[in-house]
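Trainee: Sequence and predicted structure, then a few things I'm wondering about:
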Amino acid sequence: MSIFAVDMKKIANLEFEDIPLLLAPMEGVTDPPFRHACKEQGADIVYSEFISSDGLIRDAVKSVRKLGFEEGERPFGVQIFGNNVEPMVEAARYAERYNPDIIDINFGCPVKKVASKGAGSGILNNIPKMIEITAAVVKAVKTPVTVKTRLGYDSEHKEIVDIAERLQDVGIQALTIHGRLRTTKWGEPADWTLIGEVKNNPRMTIPIIGNGDVVDGPSAKYFLDNFGVDGLMIGRATYGNPWIFREVKHYLKTGEILPAPTVEERVRVSKAHLVDSLKYKKDEFYAVMEMRKHWGLYFKGFVNFKQFKMRLMEVRTIEEVFAVLDEVVNYYNSVG
């Protein structure tokens, strides 16, 4: 059975009440502690950070470690990237041993060190190779294979409508499309027009998931209403904001915008994130250091938070972090 039913409200034997919301795979972000936070807030499918096929087949510790997940994270997808058939096939087989629900191929990453080597979105300059890799991976594993990609390489090669058909023909079971090109500059808005064309192409039968500029409930509703996609993948808007999944679901059901999370809720989730990070990192100092990149995001928009952020960037133990966070609650409650 296909892991994705065509209406995207059912994934294998897992049923969803509404349009599924997917947490985008993001390097340096979607580690287990962050995935757990997003899952708690309503993410329907979560993914690993993207994993190098070369790293996996060399048994590189960092790459192999990214395969790990807890049963409570299911449905869980492993995302791999690479630019050659054999390493990608071997990496997919390696990943399958960990029993993920999905193996996703990253044909969308625009980061220079990845794309310049012909992997990620760099492969959009070589569509035959993209299809060859995909076909080989699909054939090599029993786990459902999906793909995430972009609209095309550049403005002269917006080929996603044709690419989508060819990927479907070689057996992928869902396609996520990010509404930008390989060459789109940072900050330019996503273009969903071609995502809609793929979705409305009568040849397409697999679910199409839209990605790019989903930042809140109203934007999610706009993209669903105007382009008819089967699901939404959310990336950068989750930074420091795992609540976005809850907020989007509530808005899609009721048309109401939920109040922003209270300072108590932000502290609760960030404390849980840190404790979870300690379990994952196995080192208190490292866990505290890793959390430093999250503080400004969890409390974005809070006036005068800088004084607390500076202290959080200096402390070295969880006990010290918790003490500062308790002060954060007391301060913002006192100033109203």
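Mentor: Received, thanks.
Trainee: alpha carbons only for contacts and neighbour counts from here, please
Mentor: Noted.
Trainee: ranges for the strands of the stretch 201-336 of the chain?
Mentor: According to DSSP state E, counting those that start in this stretch, the stretch 201-336 of the chain carries its strands in the segments 208-211, 231-234.
Trainee: partners of the first one, with directions?
Mentor: Yep, that's strand 208-211 we're talking about. strand 175-178 (parallel), strand 231-234 (parallel) (DSSP bridges).
Trainee: which residues are in contact with that strand?
Mentor: 174-179, 192, 195, 198-199, 229-235 (CA atoms under 8 Å, 6 or more residues apart in numbering).
Trainee: Please apply the same query to stretch 58-77.
Mentor: By CA under 8 Å, 6+ apart, stretch 58-77 touches 31-32, 35-36, 39, 44-49, 51-52, 55-56, 78, 95, 98, 100-104.
Trainee: Out of the residues you listed, which sit inside helices?
Mentor: Of these, the ones assigned to helices by DSSP state H are 32, 35, 36, 39, 55, 56, 95.
Trainee: now those as a markdown table including neighbour count?
Mentor: As requested, those are exported to a markdown table (neighbours: other CA atoms under 10 Å):
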| residue | neighbour count |
| --- | --- |
| 32 | 23 |
| 35 | 24 |
| 36 | 22 |
| 39 | 22 |
| 55 | 18 |
| 56 | 24 |
| 95 | 27 |
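Trainee: Max pairwise distance over those residues: which two?
Mentor: Greatest spacing in the ones in helices among the contacts of stretch 58-77, by CA to CA: 39 and 55 (27.3 Å).
Trainee: Can you report how many residues neighbour residue 207?
Mentor: 19 (other CA atoms under 10 Å).
Trainee: so what's it closest to, chain neighbours aside?
Mentor: residue 174 (5.0 Å; CA to CA, 6 or more residues apart in numbering).
Trainee: now swap in residue 118 and tell me
Mentor: residue 83 is the one closest to residue 118 (CA to CA, 6+ apart), at 5.6 Å.
Trainee: The one you found contacts residue 114, correct?
Mentor: No: here residue 83 lies out of contact with residue 114, judged by CA atoms under 8 Å, at a distance of 9.4 Å.
Trainee: what do those two both touch?
Mentor: Once CA under 8 Å, 6+ apart is applied, the residues that residue 83 and residue 114 both contact turn out to be residue 120.
Trainee: more neighbours, these two?
Mentor: residue 83 (22 against 19).
Trainee: what residues are up against the more buried one?
Mentor: Neighbours of residue 83 in contact, by CA under 8 Å, 6+ apart: 117, 118, 119, 120, 123, 133.
Trainee: where does the fifth one land in three-state SS?
Mentor: Three-state secondary structure (criterion: DSSP: H, G, I helix; E, B strand; the rest coil) places residue 123 in helix.
Trainee: ok, it touching residue 133?
Mentor: No: Residue 123 is not in contact with residue 133 according to CA under 8 Å; the separation is 10.2 Å.
Trainee: More neighbours: those two, which one.
Mentor: Higher neighbour count among residue 123 and residue 133: residue 123, with 27 against 21, using other CA under 10 Å.
Trainee: Which residue, other than its chain neighbours, is closest to that one?
Mentor: Closest to residue 123 by CA to CA, 6+ apart is residue 130, at 6.1 Å.
Trainee: Which element, helix or strand, includes that neighbour?
Mentor: Applying DSSP states H and E as the criterion places residue 130 in helix 127-140.
Trainee: Show me what that helix is packed up against.
Mentor: If contacts are counted by 3 or more CA pairs under 8 Å, 6 or more residues apart in numbering; DSSP states H and E, helix 127-140 sits against helix 85-96, helix 160-169.
Trainee: For the last one, buried residues please.
Mentor: Spelled out, it's helix 160-169. 160, 161, 163, 164, 165, 166, 167, 168 (16 or more other CA atoms under 10 Å).
Trainee: who does that helix touch, helix- and strand-wise?
Mentor: By 3+ CA pairs under 8 Å, 6+ apart, helix 160-169 packs against helix 127-140, helix 193-200.
Trainee: quick one, it and helix 193-200 angle?
Mentor: 40 degrees (axes from the mean of the first three to the mean of the last three CA atoms, to 10 degrees).
Trainee: Over to the first one?
Mentor: Angular relation of helix 85-96 and helix 193-200 on a 0 to 180 degree scale: 70 degrees, by the same axes, to 10 degrees.
Trainee: now what about helix 85-96, what contacts it?
Mentor: Under CA under 8 Å, 6+ apart, the answer for helix 85-96 is 53-54, 56-57, 67, 78, 80-82, 103, 132-133, 136-137, 140-141, 143.
Trainee: again, only this time at 10 Å
Mentor: The contact list for helix 85-96 (CA atoms under 10 Å, 6 or more residues apart in numbering) reads 51-59, 64, 66-68, 77-82, 102-105, 129-130, 132-145.
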